[in-house]
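**Student:** sequence first, predicted model second:
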Amino acid sequence: MTITASELLAVQGSRVLRDDTTVFAGVGVPLLAAALAQQRHAPKLTMVIEGGIIGPRIKPGRLPISTNEMRAAYRAQMLPGITDTFLFAQRGFLDYGFMGGAQIDQHGNVNTSVLGPDYWKPKVRLPGTGGANDIASLCKEVIILTAHEKRRFVPRVDFVTSPGWLDGADTRRRSGLRFGGVSRVVTTLGVFGFDPETRRMRLEALHPGVTREQVRQQTGFPLLEAPDVAVTEPPTADELAMLRALDPERRFLG
C-alpha cells in the first residue's frame, strides 16, 4: 500500500490527540489529523480554528482551504470573533496547538518568517506568523507536524517566529512564557520529544523501516535519544480510508 508523506504525518499526528481536550488546528495536514482523531478515537475532541470557529465537525469531502472559510464551521458550537479565539488560548483553555514550519531547531523553535541571516534582505521571505506565535506561546502543549529534511532541521532557526524552548533549559519560563512548550515533533521519519532538563530534541520513536542513521543524515544537529526508542505502528487500512475520505481531491494529502 502506497502512503504519502502527508498521510503518514496526518495519521501519526492524529494518534497523539486525546478525547475531552481542545486542539488549535491549522488548515491542511494539522486539520486533517484533528478531524481523523475526532472520527476515530476522540469523539469529544474540540477543534478550534483560527478564523473564529469553535467545535466544528469537518465534513468528509468538503475540506476547507482557509481558516476563514465557512466549510470549516460545519456543525460548529460557536462562531466568535477571531480575537476571542486567541483570548481563549491566553486564558489557558486550549490544550494542544498543532502547527508546521519551514525550519525547526534543536530546542523546538519554529521559523515561518525568513530564510537567511539578514531579516531585511532574506534569501526567501516566508508567509510569516499568522497565529503561529500565539499558538506556540499560549497553548498548554504544542505538537509540530513536518517533513523531515536536513534543510528544515537546523541548529538554530534563522528567525524565531514561534518560540519553542528558546535556548533550552528554563529560558522559556524566564522569558515570561510560564506554561506550554513543544512536547512532540512528528515527522516523516519518526516522533521526537525533548529532554526534560536541557530541552534539547531527542528521538523517541522511528517509523517502520526507518533507521537511526537515516534520521541523523536528515538532521542538521546532534540528536539525543530516549532510553528506549520505540517503533510506531504503521497507518492501518481503516485509518487511511477515513483520512482519504476527508480529502478525496488530495489537496493536502499529495
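**Tutor:** Structure's in. What do you need?
**Student:** and the helices in the protein?
**Tutor:** 5-16, 29-40, 82-90, 132-138, 171-174, 212-217, 237-246 (DSSP state H).
**Student:** which one, of these, ends up nearest to Met99?
**Tutor:** helix 132-138 (5.5 Å; CB to CB). From N, CA and C alone the C-beta is placed, and that goes for glycine too.
**Student:** what helices or strands is the closest one leaning on?
**Tutor:** Secondary-structure packing of helix 132-138 (3 or more CB pairs under 8 Å, 6 or more residues apart in numbering; DSSP states H and E): helix 82-90, strand 96-99.
**Student:** rerun at 10 Å
**Tutor:** Contact analysis of helix 132-138 by 3 or more CB pairs under 10 Å, 6 or more residues apart in numbering; DSSP states H and E lists strand 22-25, helix 82-90, strand 96-99, strand 110-111, strand 141-146 as its packing neighbours.
**Student:** where among those is average confidence lowest?
**Tutor:** Note on the helices and strands packed on helix 132-138: helix 82-90 shows the lowest mean pLDDT, a mean of 88.
**Student:** tell me the contacts of the residue nearest in space to the middle of the chain?
**Tutor:** Centrality entry for the chain: nearest residue to the mean C-alpha point is Ile144, 2.8 Å, by CA atoms, centre = their mean. By CB atoms under 10 Å, 6 or more residues apart in numbering, the contact list for Ile144 reads 13, 30, 97-101, 104, 108, 110, 136, 162, 164, 182-187, 192.
**Student:** make sure Gly130 is actually in contact with Thr161.
**Tutor:** Yes. The pair Gly130 and Thr161 qualifies as a contact (CB atoms under 10 Å) at a distance of 9.2 Å.
**Student:** more neighbours, those two?
**Tutor:** The residue with more neighbours, out of Gly130 and Thr161, is Thr161; 23 against 15, by other CB atoms under 10 Å.
**Student:** highest mean neighbour count out of the helices of the chain?
**Tutor:** Most buried of these, by mean neighbour count (mean count of other CB atoms under 10 Å): helix 29-40, with a mean of 24.
**Student:** and it, what does it pack against?
**Tutor:** helix 5-16, strand 22-25, strand 46-49, strand 96-99, strand 141-146, helix 237-246.
**Student:** sorry, back to before: how about the helices and strands packed on helix 132-138 in TSV, adding distance to Arg199?
**Tutor:** Shown next, in TSV, are the helices and strands packed on helix 132-138 (distance: least, CB to CB, whole Å):
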stretch	distance to Arg199
strand 22-25	22
helix 82-90	21
strand 96-99	17
strand 110-111	14
strand 141-146	13
